[in-house]
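[1] build me a model from this:
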Amino acid sequence: MEVTLLAGHLPGDAPPQTSPLYQMIAKPVRRIIKASGFTTCISLAILVETFRQVRKADVVHISFARELIPLTSALFTIALRKPLVIQPHGMLTSRTSRLHRLVDVFARPVFKRADTVIALTDVEKDQLQAWAGNTTPPLIKVCGNPLPYESNEERALGSRNAVFIARLESRKRVCDFVEAGRIAYANGWDELYEIIGPDQGDGPVAELGMRTIPNVTYAGSVPAQKIDKILANAAVFVLTSENEPWGNVLVSALVKGVPVVVTRSAALASEIEDNCLGIVVQDQRPEEVAMAVHKILSSEWRQSEEEDLARRFVSARFKQSSIQMRLSTIYKEVRQAE
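    Model prediction:
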């Protein structure tokens, strides 16, 4: 199977051009409205190249969001009558502002014309079916998201680190992680609570925690290629987010065999709980986070047969090879249905 990855990039942010897995074509784009994030990113170059690549393609797979580039790419695909696979990555159901509802007037009909939609989890599948409305939605299949890198660091044993890796913004609730660290310290437990991630509003919370709680550290933002080594040295990965739709670092931790502590609202919470991958806690309950971390580090929190179950589940659900096979099957199915 030959794969071409087409992407737009802002000035000074061009992606690497080489990969053994796919051909990369990157075209510069600009924001029509500067304060619009990626929503209004577009350019004549990306439109021309998208049309050219769609015309040549056997199957078109679009990372779909309420943005001009994926919307126009889908319209080109529909107009040229090519098989269309859409993968929203949680982007259609995580926000419901007035602007998003306006864009949905255009995005929803395009979504319904897809041959197949890929949801990351069963939770997102249900949300997408509700978002699509009463008319028959397209076929929705659950498939994980390939990780941005392959793990190559062997996991170190004996660590006492509970690691939080995420953007420091309000939905991620680093405040709960910091408070869990304070509770652990007050109880005389020896766990170290380590925060890593770029400041997007809640950096001062992490900084204050580091200055006032001896077992809390904050390393700031780190290059993506260092995340694998950090996870290899972690005893527990903690994600206190509200309504986390997936979480690449969370999945990276699971693939590496690191136990996790996640909130009940996380889309992967049920799968983590049912397959003995970690402990699920209630949202906004740092005392439960502290207790869960302490339980994992101070006791045999799962039996050997449960470890085998966890290993088998992770291999089938999250490993790159399993996801690649699932995607290949989906592509063959949509081609055969034409």
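[2] would you map the helices across the stretch 201-338 of the chain?
    203-212, 227-232, 248-256, 269-274, 286-298, 304-317, 320-336 (DSSP state H, counting those that start in this stretch).
[3] just the CA coordinates of the first one, formatted as PDB?
    I take that to be helix 203-212. C-alpha atoms of helix 203-212 as PDB (Å, rounded to 0.1, in the frame of the first residue of the first chain):
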ATOM      1  CA  GLY A 203       1.700  27.000  34.500                       C
ATOM      2  CA  PRO A 204       1.600  29.200  37.600                       C
ATOM      3  CA  VAL A 205      -0.300  26.400  39.400                       C
ATOM      4  CA  ALA A 206       2.600  24.000  38.700                       C
ATOM      5  CA  GLU A 207       5.200  26.600  39.600                       C
ATOM      6  CA  LEU A 208       3.500  27.300  43.000                       C
ATOM      7  CA  GLY A 209       3.200  23.600  43.700                       C
ATOM      8  CA  MET A 210       6.900  23.100  43.000                       C
ATOM      9  CA  ARG A 211       7.900  26.000  45.300                       C
ATOM     10  CA  THR A 212       5.600  25.000  48.300                       C
END
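[4] and the contacts of that helix?
    Residues outside helix 203-212 that contact it (Cβ atoms under 8 Å, 6 or more residues apart in numbering): 168, 174-175, 178, 181-182, 193, 195, 199, 216-218, 220. Quick note: C-beta positions are derived from backbone N, CA and C, even for glycine.
[5] average pLDDT across that helix?
    On average, the pLDDT along helix 203-212 is 97.
[6] quick check: next helix or strand after the helix or strand where Ile86 lies?
    Per DSSP states H and E: Ile86 is located in strand 84-87. The element immediately downstream of strand 84-87 (helix or strand, assigned by DSSP H and E) is helix 98-112.
[7] need the contact partners of that next one.
    With Cβ under 8 Å, 6+ apart, helix 98-112 has contacts from 39, 64, 66, 71, 74-75, 78, 86, 88, 92, 117, 131-133, 135, 137-138.
[8] and the lowest-mean-pLDDT helix or strand in the chain, what's buried?
    When the helices and strands of the chain are compared on mean pLDDT, DSSP states H and E, helix 98-112 comes out lowest with a mean of 88. Of the residues in helix 98-112, His100, Val103, Asp104, Ala107, Val110, Phe111 count as buried by neighbour count, 16 or more other Cβ atoms under 10 Å.
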